[in-house]
Each structure stands twice: as structure tokens, then as C-alpha cells.
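Colleague: give the three-dimensional model of this entry:
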Amino acid sequence: MEERLLVRLSGATAEILNELVKRGYFSTKSEAIRAGILRLGEAFMLVKTPSEYWKELEAELKRSGRRMTHEEISEAIASLEREA
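Modeller: Numbers count the residues shown, from 1 in each chain. Presented below is the predicted three-dimensional model:
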């Protein structure tokens, strides 16, 4: 689902956004805003962090006692993301 939203920024928020793009942390302001929203989702525990996914995967590997191929690891990560 795609949503379009017009956001007006001024002051410190606008300066920070501009500086993040100027320093090359993000290619566009939209990219920076999307990343910020994802970080808020992590902070409010609406989505898992990448490290949480890795911990779950490591636990599964220890539990199963077997080695996984790259393809199996990719599928396991995709499965965890679908559950989130």
C-alpha cells in the first residue's frame, strides 16, 4: 500500500533532514524520512530489529543442531519477516 503525504518541516527538523542528505547518509529526504519511521517502529516494538532476526535464526540453528545453506538461511529470514 502506497500513501502520499505532504510534510512541512522547519527549524531544527528541516536542518537535520537536509544535513543527513548533504552528508550522504541518505540519497533523498524521502529515504531519510522512511528510515526514521522504521526506527520509530523498532523503538515502539512494532517491527523487529535486524539483530533480533539474527538472534532468532541463531536460536533455531542451535535448536535444530544442523547447518544451513545460504538459500535455507534466506528462506528462514523471509519466514521470520512474514511472521512480524
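Colleague: point out where this structure drops to low pLDDT.
Modeller: In the predicted model of the chain, residues 84 satisfy pLDDT under 70.
Colleague: what about the helices in the protein?
Modeller: Assigned helices in the chain, in chain order: 11-22, 29-43, 50-64, 70-83 (criterion: DSSP state H).
Colleague: ok, which of those comes nearest Glu3?
Modeller: Closest to Glu3 of these, according to CB to CB: helix 29-43, at 11.2 Å. For the C-beta atoms, the positions are set from N, CA and C on the backbone; glycine is no exception.
Colleague: contacting residues around the closest one?
Modeller: Identification of contacts with helix 29-43 by CB atoms under 8 Å, 6 or more residues apart in numbering yields 7, 17-18, 20-21, 25-26, 46-49.
Colleague: show me which pair in those residues is furthest apart.
Modeller: Asn18 and Lys48 (30.4 Å).
Colleague: these two: who's more crowded?
Modeller: Comparing Asn18 with Lys48 by other CB atoms under 10 Å, the one with more neighbours is Lys48, at 17 against 13.
Colleague: now that one: how far from Leu17?
Modeller: According to CB to CB, to the nearest Å, Lys48 and Leu17 sit 26 Å apart.
Colleague: now do Arg67
Modeller: From Arg67 to Leu17 the distance is 44 Å (CB to CB).
Colleague: higher neighbour count, those two?
Modeller: Higher neighbour count among Arg67 and Leu17: Leu17, with 17 against 8, using other CB under 10 Å.
Colleague: now do the contacts for the more buried one.
Modeller: Here Leu17 is in contact with 9, 29, 32-33 (CB under 8 Å, 6+ apart).
Colleague: could I get the helices of the chain as JSON lines with distance to Met1?
Modeller: As requested, the helices of the chain are exported to JSON lines (distance: least, CB to CB, whole Å):
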{"stretch": "helix 11-22", "distance to Met1": "24"}
{"stretch": "helix 29-43", "distance to Met1": "14"}
{"stretch": "helix 50-64", "distance to Met1": "23"}
{"stretch": "helix 70-83", "distance to Met1": "16"}
